[in-house]
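S.K.: just coords:
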């Protein structure tokens with residue numbers, strides 16, 4: 001199975017560490033976040049990974065070259081320009097060498113007990129172009145799904161705003177928090193290239209675009225345990241999370 005780890009972010013919430021290091025190498029219980037995500041992917045059957053880099057990218061290259069994880073790991077270099085989440089995926093896609101196999105996308109600052117292999121299996125069984133791992137955890141931003149778990153929109157509980165523009169919420173709609181983990185099929189990545197005119201764009205903007213012809217499903221993992229450790233307040237919580 002194939003995966004991409006989004007590891008290029010500036011990590012501004014983790015200063016002063018990120019003034020001289022990439023966010024991806026922030027240690028949790030002495031182990032860099034990037035290493036934790038790689039080992040989780042490997043434990044669930046992934047054997048080909050692409051890692052994108054930007055902020056202090058050479059440190060990530062040095063780290064990967066000094067460790068043998070027993071799988072093929074390629075670098076998608078964004079050091080000249082940070083491309084945001086959607087642009088990063090489109091830029092990295094040629095490194096996967098084609099094929100129809102789904103690609104799992106995993107933010108580097110997410111620790112969870114997610115069943116990643118089952119998420120990929122769900123994507124294949126549904127025939128969806130993309131499957132988003134969601135949960136019932138607290139979040140100020142929620143994705144909106146139909147009762148059949150087709151993606152319909154986005155909702156900010158802080159401002160009350162909805163996306164896309166003109167969105168009308170239905171009484172039977174479901175709202176869940178996005179995990180930062182999702183599966184994309186190659187056809188959807190090609191659709192990104194058709195729609196997006198700038199090489200830098202956010203994946204969520206693409207998913208909610210009215211031009212997007214792809215079928216996007218949500219996959220709910222009950223009682224998902226997840227911590228976004230991209231900010232100091234949650235780093236200490238990671239010590240109590242069993243990542244399996």
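M.R.: Noted; the coordinates are in hand. Bear in mind that the values here come from a model prediction, so they are computed numbers and not experimental data.

S.K.: Adjacent strands (with direction) for whichever strand in the chain runs longest?
M.R.: Counting residues, the longest strand found in the chain (DSSP state E) is strand 174-184. Next to strand 174-184 in the sheet, as set by DSSP bridges, lie strand 103-107 (antiparallel), strand 130-135 (antiparallel), strand 141-145 (antiparallel).

S.K.: For stretch 209-226, give the mean pLDDT please.
M.R.: For stretch 209-226, mean pLDDT is 92.

S.K.: Please enumerate the strands of the protein.
M.R.: Secondary structure of the chain (DSSP E): strands at 2-6, 27-28, 31-32, 48-53, 72-77, 103-107, 110-112, 130-135, 141-145, 151-156, 162-163, 174-184, 216-220, 226-228.

S.K.: now those strands in TSV, with distance to residue 200?
M.R.: For the C-beta atoms, the positions are set from N, CA and C on the backbone; glycine is no exception. As requested, the strands of the chain are exported to TSV (distance: least, Cβ to Cβ, whole Å):
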stretch	distance to residue 200
strand 2-6	14
strand 27-28	29
strand 31-32	26
strand 48-53	13
strand 72-77	14
strand 103-107	17
strand 110-112	22
strand 130-135	20
strand 141-145	21
strand 151-156	20
strand 162-163	19
strand 174-184	18
strand 216-220	21
strand 226-228	22
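
S.K.: any idea which of the strands paired with strand 174-184 is most buried?
M.R.: Of all the strands paired with strand 174-184, strand 130-135 has the most neighbours on average by mean count of other Cβ atoms under 10 Å, namely a mean of 26.

S.K.: got the contact list for that one?
M.R.: 114, 119, 122-123, 143, 145, 151, 176-179, 181-185, 188, 207, 214-221, 224, 226 (Cβ atoms under 8 Å, 6 or more residues apart in numbering).

S.K.: Kindly give a single PyMOL line that selects the buried subset of these.
M.R.: One line in PyMOL is enough to select the buried ones among the contacts of strand 130-135; burial here means 16 or more other Cβ atoms under 10 Å:
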select buried, resi 114+119+122+123+143+145+151+176+177+178+179+181+182+183+184+185+188+207+214+215+216+217+218+219+221+224+226
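
S.K.: With residue 156 as the reference, measure out to residue 52.
M.R.: Distance of residue 52 to residue 156, computed by Cβ to Cβ, to the nearest Å: 27 Å.

S.K.: Look at those two and report which has more neighbours.
M.R.: A count of neighbours by other Cβ atoms under 10 Å puts residue 52 above the other of residue 52 and residue 156, at 28 against 12.

S.K.: Report the contact partners of that one.
M.R.: Applying Cβ under 8 Å, 6+ apart, we find residue 52 in contact with 4-8, 75-78, 83, 88, 91-92.

S.K.: what does residue 5 give?
M.R.: Here residue 5 is in contact with 24, 34, 37-38, 41, 49-52, 106-108 (criterion: Cβ under 8 Å, 6+ apart).

S.K.: buried stuff in stretch 151-159?
M.R.: Using 16+ other Cβ under 10 Å as the test for burial, stretch 151-159 gives 151-155.

S.K.: Can you tell me which of the residues you listed is nearest residue 13?
M.R.: Distance to residue 13 across the buried residues of stretch 151-159 (Cβ to Cβ) is lowest for residue 154, with 21.5 Å.

S.K.: Near the nearest residue to that closest one once chain neighbours are set aside, how many other residues are there?
M.R.: Excluding the flanking residues, the one nearest residue 154 by Cβ to Cβ, 6 or more residues apart in numbering is residue 163, at 4.2 Å. Other residues near residue 163 number 17, with proximity taken as other Cβ under 10 Å.

S.K.: where's residue 163 relative to residue 83, distance?
M.R.: The gap separating residue 163 from residue 83 is 21 Å, by Cβ to Cβ.
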